[in-house]
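Q: starting from these lines, generate the structure:
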Amino acid sequence: MKSSEYWKKRALFAKKKQLEASADYEAAMQSRLRDLEHDIEKEALDYLQRYANENHVGLKQAASVLGNIDSTKWSMTLEEFERKAKAGGYEKELNAEYYKSRIFRLQQLHEQMVEFSKKYGMAEQLRMQKGLAKQYQNSYYLDAYNKYRATGQLDIKLNHFNEQQLENIVYRPWKGSDFSKRIWKEYTEVLPDELTDALLRGTLFGYSPSKVVRMMRDRFQKVSERDLHRLVITEMGHAAEEATAQFYKDSDIEQYQYLATLESHTCDQCAHLDERIFNVKDKREGINYPLIHPYCRCTTVPYDKDLPDIETRWSRDPKTGKGTYVKNMNYKQWEKTASQKTSKGTGQNVLGYQDWKKITGVKILSLEMLSSLLAPKSSTDEKKTGTNYVSPTDYDLNDEEQN
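A: Numbers count the residues shown, from 1 in each chain. Coordinates of the predicted model:
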């Protein structure tokens, strides 16, 4: 197999797995968000039912100015509404006690939403921290494994991550902030503002409680399926690509090639970068290294024009029955190696570990064994905290590469 084809295949497979892991995380997060939605909806219904039987014609007429207000931040909507309503001659309605009491209660409800969201937001921060740390670690170790599979050599300079190191890595600011601040803003600012804005508009128009609740659900879905979806995909992708960049440095890889095509789809925004080659020392995220933009699915591969083709093929170890890559041999060479030892009474050809190592020139090393070698010498702390190291169940490389 050509070296370039090998690296592209492995990089795209790794990106596919990263996106699947992101989707799994997001699905679990959406389930948790439903609990938050339920808590907020319950409080909103209490508010709506309090004013359900009040029907103020003047206030409904004043609400007509809302059609020209595009803000989704409820305080800005309120400020703009009152300014336009006064200009339209509705100052009396705005000074009425029924209006003031509704707005005061709405302000209290907004504060309650913020408190509910803080509770869920804090828990989600911790979950995402662990998810990003695992993604970073998995990507780094998988890059190391792919290089080992290509060269038969294991770099001794590779990083050994502990929990604190991973935490420091995922909290590094990028694009002017870090994941924790971004997710905190979505939970404690964007979501409460969107929902309170829907309540304000529904109240002023005099809509039924059921209709206002539907409006709130639409807003909730908008934030969770657009904003939070974008956040998860982007943050997970950033963690994976930063791990690869660190691997390049640790492995003395000097150049990388940009890949903007995943599953036959080329990213429109990054198409001009596809297959271009850059120096690792000149890497600039957002310019010549992913992520270039939110939702970016691009990745990179190591590049070395002098690297020989990978002289390996898929084979099955006759002793263990497990598949592995070995140096290319013709049939006669394989027949000779496989017949060196024969299991007694079974007639099956058996190749011992030392023979296998001697003949193929490479040590049979699984991804699980590799992650074990790269993990800290003492794993007591990691076991206590639940830090997971990459395993074959995370990246089923063998099954994928047989195709």
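Q: right, and residue 247 touches residue 146 too?
A: No. Taking contacts as C-beta atoms under 8 Å, residue 247 lies outside contact range of residue 146: 9.5 Å. Quick note: C-beta positions are derived from backbone N, CA and C, even for glycine.
Q: next, the contact list for the residue most central in space within the chain, please.
A: Residue closest to the average C-alpha location in the chain (C-alpha atoms, centre = their mean): residue 236, at 2.7 Å. Counting by C-beta atoms under 8 Å, 6 or more residues apart in numbering, residue 236 touches 18, 21, 22, 25, 131, 132, 135.
Q: tell me the SS of it?
A: helix (DSSP: H, G, I helix; E, B strand; the rest coil).
Q: and the one 4 residues further on, by the same measure?
A: Secondary structure, three-state DSSP: residue 240 is helix.
Q: contacting residues for it?
A: 14, 15, 18, 135, 136, 139, 299.
Q: walk me through the domains of this structure.
A: 13-232, 312-401 (automatic domain parsing).
Q: least confident of these, on average?
A: In terms of average pLDDT, domain 312-401 trails the rest of these, at a mean of 43.
Q: ok, residue 192 to residue 113 distance?
A: Look at residue 192 and residue 113: by C-beta to C-beta, to the nearest Å, they are 4 Å apart.
Q: same question for residue 37.
A: Distance of residue 37 to residue 113, given as C-beta to C-beta: 11 Å.
Q: the two: which is more packed in?
A: residue 113 (24 against 19; other C-beta atoms under 10 Å).
Q: give me the number of residues near residue 160?
A: 10.
Q: for it, helix, strand, or coil?
A: Assignment for residue 160 (three-state DSSP): coil.
Q: any idea how far stretch 234-247 is from the middle of the chain?
A: Here stretch 234-247 is found 10 Å from its chain centre; the criterion is C-alpha atoms, centre = their mean, to the nearest Å.
Q: sorry, that was for stretch 257-271
A: On C-alpha atoms, centre = their mean, the centre of stretch 257-271 falls 18 Å from that of its chain.
Q: and the contacts of that stretch?
A: Here stretch 257-271 has contacts from 4, 7-8, 11-12, 15-16, 273-278, 288-290, 292-293, 296-303, using C-beta under 8 Å, 6+ apart.
Q: pull it out as CSV, backbone CA atoms only.
A: Extracted in CSV, the C-alpha atoms of stretch 257-271 (Å, rounded to 0.1, in the frame of the first residue of the first chain):
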residue,chain,number,x,y,z
GLN,A,257,-1.2,17.4,4.4
TYR,A,258,-4.6,18.9,4.8
LEU,A,259,-7.6,16.7,4.1
ALA,A,260,-10.9,18.5,3.4
THR,A,261,-12.8,15.5,2.0
LEU,A,262,-14.7,13.1,4.3
GLU,A,263,-16.9,10.3,3.0
SER,A,264,-16.8,11.8,-0.6
HIS,A,265,-17.9,15.2,0.7
THR,A,266,-15.5,18.1,0.4
CYS,A,267,-16.0,21.0,2.8
ASP,A,268,-16.8,24.1,0.7
GLN,A,269,-15.1,26.5,3.1
CYS,A,270,-11.9,24.4,3.2
ALA,A,271,-11.8,23.1,-0.4
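Q: if anything else comes up later, I'll come back, but that's it for now.
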